[in-house]
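Undergrad: Just need the structure, nothing else, for what follows:
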Amino acid sequence: MRGLKVAIKGAGEMASGIAHRLYRANIRQIVMADIERPLCVRRTVSFCEALFEGTFVVEGVTAETADDIRGIVAAWERGHIGVMVDPSGSIIKGIKPDVVVDAIMAKKPTQTRPHEARLVIGVGPGFRAPEDVHVVVESNRGHDLGRLIYEGQAEPVTGVPGTTAGYGPERVLRAPHAGRVKHVRSLGDSVEKGEVVLFVEKTPVCAEISGILRGLIRDIDVVANEKVGDIEPRGESVDWHTISDKARAIGGAVLEAIMGEFNVSNASGER
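TA: Take a look at the predicted model:
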């Protein structure tokens, strides 16, 4: 199990929750592939930040950026997760992983297919098992969160964020139109309802509720309706530096799928 190679498409919040859980389970040869400027909001718990900072630590686990296979292997030798800009997932052909996890959270069909590895896992809507991937992980909050689906697909996209402390869509800040983000407040700040959090070009984006700003996209170009921020209504009682319950549940489900495929009871290979 410790010799497994895992390639994760995406390096945002959910993908990072998966990588962190696998790493803590001593699956250490992990490479994460993302776009050049990830649209990550919960940046304190997302390994894609290594693409900007060189290295990044999430709850004691370090990821570092790499340009090629040699850089990925060097990161592994230092005990780090490797992260690279690779939106097409071309690194998969080079490292020949045992497991591929599509955690882009595109919520629509992607190019991920079962032939990419012995075990291919799709997180959330957009995948059908076993046609597109070997197993789908349910990502919708609720009773089935983290359930493994070997035949069928995850629940469809609702378009409505999960409820926290009685708040749903109000928690999320979205771009009113396409343009460049400019911050007014910073991650971890306390904000009040009606307060300006950021601008998209010259248009202010205001908090609809009061709480802690636990998510804030980088100063990058975004499209209309892009998620650009996330407010935690429970305030300082919640540690915005740590992985969410949802990301941990999904990470545990991916670990379960890997254990189910690769953990054997004896040398003959009997499960």
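
Undergrad: Just name the shakiest helix or strand of the chain by mean pLDDT.
TA: The weakest-scoring helix or strand in the chain, judged by mean pLDDT, DSSP states H and E, is helix 91-95 (a mean of 92).

Undergrad: Can you list the helices and strands that the next helix or strand after it packs against?
TA: Per DSSP states H and E, helix 91-95 leads on to strand 99-102 as the next helix or strand towards the C-terminus. Counting contacts by 3 or more Cβ pairs under 8 Å, 6 or more residues apart in numbering; DSSP states H and E, strand 99-102 is packed against strand 5-9, strand 119-123, helix 245-262. The way it works is simple: take the backbone N, C-alpha and C, and place the C-beta from them, glycine included.

Undergrad: in the longest one, what's buried?
TA: For helix 245-262, burial by neighbour count (16 or more other Cβ atoms under 10 Å) applies to 246-255, 257-258, 261-262.

Undergrad: Contacts made by stretch 200-208 with the rest, please.
TA: By Cβ atoms under 8 Å, 6 or more residues apart in numbering, the surrounding residues in contact with stretch 200-208 are 170-171, 173-182, 184, 191-199, 213, 222, 228-229, 231.

Undergrad: can we see that at 10 Å?
TA: Residues outside stretch 200-208 that contact it (Cβ atoms under 10 Å, 6 or more residues apart in numbering) are 167, 169-182, 184-185, 191-199, 213, 221-222, 224, 226, 228-229, 231.

Undergrad: Take these and keep only those in helices.
TA: Secondary structure assignment by DSSP state H places none of these in helices.

Undergrad: that older thread, could you redo the helices and strands packed on strand 99-102 as CSV and give each row distance to Gly142 and mean pLDDT?
TA: Below are those laid out as CSV (distance: least, Cβ to Cβ, whole Å; pLDDT from 0 to 100):
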stretch, distance to Gly142, mean pLDDT
strand 5-9, 24, 98
strand 119-123, 16, 98
helix 245-262, 10, 97
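
Undergrad: TSV please, covering the ones you listed and showing distance to Thr110.
TA: Shown next, in TSV, are the helices and strands packed on strand 99-102 (distance: least, Cβ to Cβ, whole Å):
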stretch	distance to Thr110
strand 5-9	8
strand 119-123	8
helix 245-262	16
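
Undergrad: For Met84, which of those is the nearest?
TA: For Met84, the closest of the helices and strands packed on strand 99-102 is strand 5-9, at 10.4 Å, according to Cβ to Cβ.

Undergrad: and the closest one, what does it pack onto?
TA: Helices and strands touching strand 5-9, by 3 or more Cβ pairs under 10 Å, 6 or more residues apart in numbering; DSSP states H and E, are helix 13-24, strand 29-34, helix 69-77, strand 81-85, helix 91-95, strand 99-102, strand 119-123, helix 245-262.
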